[in-house]
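Q: fold the following and give me the result.
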Amino acid sequence: MDGNNRGIKEAWIGGALLLLSILIAAAGVIISLKTGSNRSFLIASIPTAILIVAGGAMIRRDYLRSGGRLLLAGGVRTIEAQVLGVTRNLRTAGEKTVYYVVCRYKDPITGKETTYSSRALDEYPGREVIGRTVTVRIDPGEKGKYTVEIDALLEEIRKEKEAKA
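A: Predicted structure coming up:
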């Protein structure tokens with residue numbers, strides 16, 4: 001199981017532990033009210049406290065300090081971004097033209113949009129890349145450090161062109 005799936009699984013387990021703690025606390029309160037004794041509530045509060053701490057720790061374990069996003073093993077976060085288009089550098093004397101695939105990611109939680117650019121490409125990748133999805137790997141330890149993985153997309157488009165020909 002990769003780090004991202006493990007983190008999601010741990011978050012679900014942590015959430016389940018927190019819900020279980022609420023059920024145990026509620027049972028302790030109800031029994032205490034029916035019997036008129038605080039003993040049931042006190043007995044229920046010990047496992048409740050343990051489950052709250054354990055559940056919270058499991059949910060929090062793989063989250064970033066800033067933003068609360070799940071991390072992959074090694075601290076790299078991956079997202080899927082949509083390709084907006086292709087840009088080229090402004091050519092100066094003696095330089096060759098290079099192209100960049102530009103993509104955008106919209107955070108489903110915050111609604112914030114972030115734009116990413118691929119590495120320089122020697123050839124125009126074609127309009128077929130527009131609207132497709134690419135993986136972006138982000139290094140949360142170093143702000144602004146990321147990689148747009150476009151090789152798989154470029155290979156897929158090359159195969160589609162060959163199939164049409």
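Q: average model confidence for the longest helix that the chain contains?
A: When the chain is parsed with DSSP state H, its longest helix is helix 3-35. What helix 3-35 shows for mean pLDDT is 77.
Q: would you mark the buried spots in the next helix or strand after it?
A: Once the chain leaves helix 3-35, the next helix or strand it forms, by DSSP states H and E, is helix 39-60. Across helix 39-60, burial judged by 16 or more other C-beta atoms under 10 Å covers 40-41, 44-45, 48, 51-52, 54-55, 58-59. To be clear about C-beta, it is placed using only N, CA and C from the backbone, and glycine gets the same treatment.
Q: ok, then the element right after helix 39-60?
A: Of the helices and strands lying after helix 39-60 in sequence (DSSP H and E), the nearest is strand 77-88.
Q: after that next one, next one along is what?
A: Beyond strand 77-88 toward the C-terminal end (DSSP H and E), the next one is strand 99-106.
Q: list the buried residues for that next one?
A: Applying a neighbour-count criterion of 16+ other C-beta under 10 Å, one finds 99-103, 105 buried in strand 99-106.
Q: how distant is it from the center of its chain?
A: 17 Å (C-alpha atoms, centre = their mean, to the nearest Å).
Q: low-confidence ranges in the protein?
A: Residues of the chain that meet the criterion pLDDT under 70 lie in 1-8, 58-75, 90-94.
Q: again, only this time at 50
A: Scanning the chain with the threshold set as pLDDT under 50 gives 1-2, 62-73.
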